[in-house]
Structure formats: C-alpha cells, structure tokens
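Chemist: Next come a sequence and a model predicted from it.
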Protein chains: 2
Amino acid sequence: MPELRKDPVTGRWVIIATERARRPQDFSRQSVEFKSGRFCPYCPGNELRTTPEILAYRTRGGANEPGWTTRVIPSKFPVLRVEGQTTRKADGLYDKMSGIGAHEVFIETPGHGETLSTMPVKRVEDIFWAYRDRVLDLRRDVRLRHIMLFKNHGEAAGGVLDHSHSQLIALPVVPKRVDEELAGAKRYFDFRERCVYCDIVAQEQEAPDRLIAESEHFLVISPYAARFPFETWIVPKSHASHAETMTHAEIPDLAATLQRTVRKFDSVLERPPYNLILHSAPVQDHPLAHYHWHLEIIPKMTYVAGFEWGTGFYINPTPPEESAKFLREG
Amino acid sequence: MPELRKDPVTGRWVIIATERARRPQDFSRQSVEFKSGRFCPYCPGNELRTTPEILAYRTRGGANEPGWTTRVIPSKFPVLRVEGQTTRKADGLYDKMSGIGAHEVFIETPGHGETLSTMPVKRVEDIFWAYRDRVLDLRRDVRLRHIMLFKNHGEAAGGVLDHSHSQLIALPVVPKRVDEELAGAKRYFDFRERCVYCDIVAQEQEAPDRLIAESEHFLVISPYAARFPFETWIVPKSHASHAETMTHAEIPDLAATLQRTVRKFDSVLERPPYNLILHSAPVQDHPLAHYHWHLEIIPKMTYVAGFEWGTGFYINPTPPEESAKFLREG
C-alpha cells in the first residue's frame, strides 16, 4: 500500500511508492565523467583568466598566482551584483526589485579531476572555512538578507564546469522555501517548545531505520518524507541556527562525514550527479531557538522532475528506509 | 542589471538574468525523438495487454477492443489506489496516511508517433472532455480532495512511454503548492476584491510584451515571474475556478490554442521535452471567486533544476518578454 508522509517542518505531503520500490540498479545510469583536454579556467596557472580572487587559502605565491588550495572568485556571469541600490517598484499589478546581491564561486581544490570523494579531506573542510569567512564578510552589508551555499555536481545536476567547485549566492530577500522552512519550524516550536530538528535527531537515533551514519557531531539520515530517492541530510547533533557558527571541532567532522557520504553515493549509485545545499538561517537574524542548520544532498537519479516542479507534489519511488539501508551497507 | 520579480499569486521571487539572456539557440538540444520497433501497450490491438479501460471514446468496437480514439485506463503502476480507508497515523513525531487515491492514464490517440502538435485537433479536445468526465465521476468520492491532470512529454520531462498520453492523479490531500496558490490568490482577492488572474489577463492584454497569442476565450502568455525559460501559461479570459466547468465553446478553442502553442515550441525550440499541468481548484470546493483555473506548460530547456528544487529559488536565464517574442514570432 503506498504511503503518504508529511514533512514535519514544511507540512508537505509526499507519496512513498512502496509497491514499486526502486533499488539503486533500477535507475538509469548517468555517472559523472570528466572531460579531459579542454581549457580549464579554474586550474592553477590560469588565475588571470578568471575574475580576480576575493579570498584564497594558499601555501605559497601571491594573490591570483598559483599556490592556492582553495580559491573564491566572483562569478563571471553573476545572477546578482553588489553594486547599486535595492529599489522596489510596481509594474502594474506586479512587483520587482533591482537584483543586488553577490554570486561567488568556490574553487575547492587545485586538482582538476578531483571530486568531493577523492580530494584530500582538508580541501572539503576548507569549503566550510571559506563559507564562514565569506558569510562573516558579506553579512556586514545589511541589504543582504540570505546567503546560500550550494554545489551542482555533474551536468545533469546543473554543473557547467568540471573542475570541482561550489557556489554562494547572497540575496536581498529570503527565498520563499527558506521562509516556509523557518515558519514551519517556528510553528512546531510554538506548539512543543522544542526544535523540530533536535526532535528528529533524537527519534532517528533511537529508531535507526533511516540512519545512514553517525559521527561525533553529526547524524546522516534519509529524511522521513524524502522527496527523492537517496535524498540524504547531514544534521548537527547540537542545536545551532546558523552554519557559520560551526565550531572548530565540528568543521573537520563535517568534512569527513560529508566525504564518507558522497563516497557511499559513488559506490552504491555509481558516481551519480548530485546537488548539495546548505540550509541555514538568514544571516541578519539573531540565533534562533526554532531553526537548525543542516546539509541536504540530493542525488539526481530520476528525470521525473518537471511535474514535481509544477505542483510541489513529490512521488518518491524508493522508501527512505530502503535508501538508508543501501547507503548504510554500501 | 538583473531583476528580481515577484509572482503576484504565490509571492515567490525569481531572478530574471537579463544580462546573460539566453536565446533558443543557446540551450543544448534534446529534441524528443520516437523510438520505433518496440512493443507498445497503448497501441490499438494491444488493449488486453493494459489494465481494463475506465472510459473510451470510440467510433466502433466494444470495451477493450480497437476502434477507440481516446482511452482511459488505470495506471499499471499506480502511486495511489482507490481501495482502502484514509487513515492518518502518528509515527513518533511524524505523520502518515494510507495512500488512497486514483492514478489514471489518458491514451490521447490511437496513432503511435503522434504528438499534441501533430494529432488531429479533435484528439486534443477529447483530452479535456475525458478529464471532465473523469473529474465528475471521481469527485463523488468525497475522500478525494484534489485532482491533477498533467503530461510528461519526452524522457527528460519524465515521460516513460512514447505513445502520447496524459495522466490524472486524484489525492486525499490538497498539495502544498496548490494550497499556496489558493491562499495567495485569496490574499489578493481580500485586498482588492478582484481575482488576481482576471487582473493578469487585463494587464497582459493592454501591455502585450508577454502576450504570445490570443484566441476568443484564452490568452497565451509568458508569466511575469516565469521560473523557467519559455514557461507558458494558457489562461481563460472568463473567470472560473474549476476547469471541469469549461463550456462547449471553450473546449475546442482550448484544444486549438494548446495545439498552436506546442507547435510553436516545436518550431522555435526544436521539439523540446515539456511538462503540461492543469491548475484547477480542489474538486470538493464550491466555485471560488478568487481562483482561476489555467494551464502551465514548461519546456525542459535546462538542467539547472536540482538547486531550484532544493531551495525554491529560481534563476531564469531568459526574460519572459524575450520568450514571448520568440514564441509570438515563431
């Protein structure tokens, strides 16, 4: 019997199609492959072919020279720019705003061909240090209300360049879905006086059907109302609303945990394309008792997306308990 | 300067990336092609290889025999079933419900290889007659709160079988996104005492930058805060909340308008995959003054979907005014 499950944060119902549960081998393969031989602007030696760097961690050399291990540059094709004013205007019955904000690219490693699975774990760690540095800098501009860190791995996940990188977008508005997540978490908090994510952590530790892995500071789970096959969340055990407040102890643990998780993807799902999205509270907000930052990783296993886009109604052909079992054992 | 635009119904902000506006030729091509030679269960003569039909329009023959022009069957792999009870249960802090509902397939034409663009226009018309017939039947089951009609054209849009078909899903809950649309339209109505879609129709007729076509009863537009390149809506000029109340005059006009629209897609965008979704009010609701049914058609031009799924934040690389211009002139 198919089951409808409700996401405890957003209130979204998802169909979990238990009767035709799809296993990893039932999905058509589209493993991420590297194209070699093309010119890569993100490779060491080509620093002058990119926009000038905003931040770099380096072992040698000066700004925009080789010797870096992590490099942050403004996007060459920014969807938003820092210059200008936030001006809101009517357009008949519609509303618009000039697109101020920031769009930055985090080049995660000098090694072309490396991925989150294969790069040194220190490189994964430095993504979060660089994120923290950039958030602390950007949030001084009070027009910037929300900052998102995300990664599109592989063409089918929207990745354009092969060389491993993440992106940061800073926005003058809080996106609707983020607002919904915050509002849903607030509703739960108002009712129970507890953080919903803290409750999720407690429940998933006790009944570990959906538990994929556990480290000192993090839980890796298949969420109860997963929208997608093998959707995976990494949730910190300690409550914190803002990811930029991660501790010195948490960051290396998160890096190791994330790397172990994508390695499981690579082995069980054969190097799938995926999207990684850091969910964190709006940067101008004070610490929130009701929100809890976390990472969501969505392997792109199916094409059945258009309908879901249009309706917000998701049909997941792989129960989260099955996803967790494959990934736990993989 | 990139522009942030707000959808007047849902309140969702979208980035319209004006500076790197992408034209039809800038998207990588993935034209929908027919695979021939495979066994097709939807072809005439193979009626006994499908689930028994629920409804058919035919010129000759009996039930489950050739001679039909439109045929409606239960999905062989239903995500929901009509049998059983709606039972809601707690699962620790989570909520679940047994998955009652209905999942039906509308085989739109006996002609294998035909598409909405190439089939006789009467076949397109009959999709809406069959939809109306099925809604009037299904809504007698008061457990079914919402009925969705949609079409996945081409593999990249989630289409599995080549033979042209649409799908209907009847649900025991109103999906979150539908609820949001209804709530947003209600907010606008409470403030202005007018239907937001009626206002959109009026504004788009006066300032036709985003107008693609106009027929006696319908407007074809690129919506102001389009999430996707070449996203297209067909909106009835007359107010009605429920699509199943379409008149005898409107249905043939809708069919002809829809066919003209997908023909434009085929010529301008080179037979793109697309999703078509009928947005209509929940079937158990009385006629609503604040909601207005319409069709949304989303050609699948880009892969950049995963990030949007995760955040609900859309970046549209083609301004709706450009999309409309290409489609109007195409």
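Modeler: Received, thanks.
Chemist: Break down the stretch 1-150 of chain A into its helices, ranges please.
Modeler: A:121-138 (DSSP state H, counting those that start in this stretch).
Chemist: The residue of the stretch 201-330 of chain A found nearest chain B: how many residues sit nearby?
Modeler: Proximity of the stretch 201-330 of chain A to chain B (CB to the nearest CB) peaks at residue A:312, 2.7 Å away. The C-beta positions use only the backbone N, C-alpha and C, and glycine is treated the same way. Using other CB atoms under 10 Å in any protein chain shown, residue A:312 has 21 other residues around it.
Chemist: Look at the residue nearest to it when sequence neighbours are not counted and give its secondary structure.
Modeler: Leaving aside its sequence neighbours, residue A:312 sits nearest to residue B:177 (CB to CB, 6 or more residues apart in numbering or on different chains; 2.7 Å). Of the three states, residue B:177 takes helix under DSSP: H, G, I helix; E, B strand; the rest coil.
Chemist: ok, now residue A:297?
Modeler: Going by three-state DSSP: residue A:297 is strand.
Chemist: got a list of what it touches?
Modeler: A:231, A:232, A:233, A:234, A:261, A:262, A:265, A:274, A:275, A:276, A:277 (CB atoms under 8 Å, 6 or more residues apart in numbering or on different chains).
Chemist: and residue A:220, that one's in a strand?
Modeler: Yes. According to three-state DSSP, residue A:220 belongs to a strand.
Chemist: quick revisit: would you agree the residue nearest to residue A:312 is in contact with residue A:314?
Modeler: No. In this structure residue B:177 lies outside contact range of residue A:314 using CB atoms under 8 Å: 10.2 Å.
Chemist: More neighbours: which of these two?
Modeler: Taking neighbours as other CB under 10 Å, residue B:177 and residue A:314 compare with residue A:314 leading, 23 against 18.
Chemist: Next secondary structure element downstream of the lowest-mean-pLDDT helix or strand in chain A?
Modeler: One helix or strand of chain A scores below all others by mean pLDDT, DSSP states H and E: helix A:306-311, with a mean of 65. Moving toward the C-terminus from helix A:306-311, the next helix or strand (DSSP states H and E) is strand A:314-316.
Chemist: Pull up the pairing partners for that next one, direction included.
Modeler: Paired neighbours of strand A:314-316 in the sheet (DSSP bridges): strand A:13-16 (parallel).
Chemist: Please enumerate residues in contact with the strand it pairs with?
Modeler: For strand A:13-16, contacts defined as CB under 8 Å, 6+ apart pick out A:2-7, A:225-227, A:313-316, A:319-320, B:79-80, B:97, B:99, B:173, B:175-176.
Chemist: Please apply the same query to stretch A:32-51.
Modeler: Against stretch A:32-51 from outside (CB under 8 Å, 6+ apart): A:53, A:64-68, A:71, A:73-76, A:105, A:107, A:110, A:112-113, A:115, A:153-155, A:159, A:161-163, A:165, A:271-273.
Chemist: out of those, which touch chain B?
Modeler: With CB under 8 Å from any CB of the partner chain as the criterion, the contacts of stretch A:32-51 include A:155, A:273 near chain B.
Chemist: Select only the buried ones of the contacts of stretch A:32-51 in PyMOL?
Modeler: In PyMOL syntax, the buried subset of these is picked out as below (16 or more other CB atoms under 10 Å in any protein chain shown):
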select buried, chain A and resi 53+68+71+73+74+75+105+107+110+115+153+154+155+159+162+163+165+271+272+273
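Chemist: Which residues of the stretch 101-250 of chain A lie near chain B?
Modeler: Contact residues (CB under 8 Å from any CB) of the stretch 101-250 of chain A with chain B: A:148, A:150, A:152, A:155-158, A:169, A:171-173, A:175-178, A:180, A:196, A:199-200, A:203, A:207, A:224-225, A:227-228.
Chemist: ok, of those, which come out buried?
Modeler: Buried among those (16+ other CB under 10 Å): A:148, A:150, A:152, A:155-158, A:169, A:171-173, A:175-178, A:180, A:196, A:199-200, A:203, A:224-225, A:227-228.
Chemist: Looking at these, which are in helices?
Modeler: A:176, A:177, A:178, A:180, A:196, A:199, A:200, A:203 (DSSP state H).
Chemist: need the residues you listed in JSON lines with distance to residue A:298, can you?
Modeler: Below are those laid out as JSON lines (distance: CB to CB, whole Å):
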{"residue": "A:176", "distance to residue A:298": "18"}
{"residue": "A:177", "distance to residue A:298": "13"}
{"residue": "A:178", "distance to residue A:298": "16"}
{"residue": "A:180", "distance to residue A:298": "17"}
{"residue": "A:196", "distance to residue A:298": "20"}
{"residue": "A:199", "distance to residue A:298": "23"}
{"residue": "A:200", "distance to residue A:298": "18"}
{"residue": "A:203", "distance to residue A:298": "22"}
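Chemist: ok, those residues vs chain B, which is closest?
Modeler: Minimum separation from chain B among those (CB to the nearest CB) is found for residue A:177, which lies at 2.7 Å.
Chemist: pLDDT (mean, whole number) over stretch A:104-115?
Modeler: Stretch A:104-115 carries an average pLDDT of 96.
Chemist: outside of it, which residues touch it?
Modeler: With contact meaning CB under 8 Å, 6+ apart, stretch A:104-115 is reached by A:32, A:34, A:36, A:40, A:42-44, A:54, A:66, A:68-75, A:116, A:119-120, A:123-124, A:126-127, A:130-131, A:134, A:149, A:153, A:162-168, A:262, A:266.
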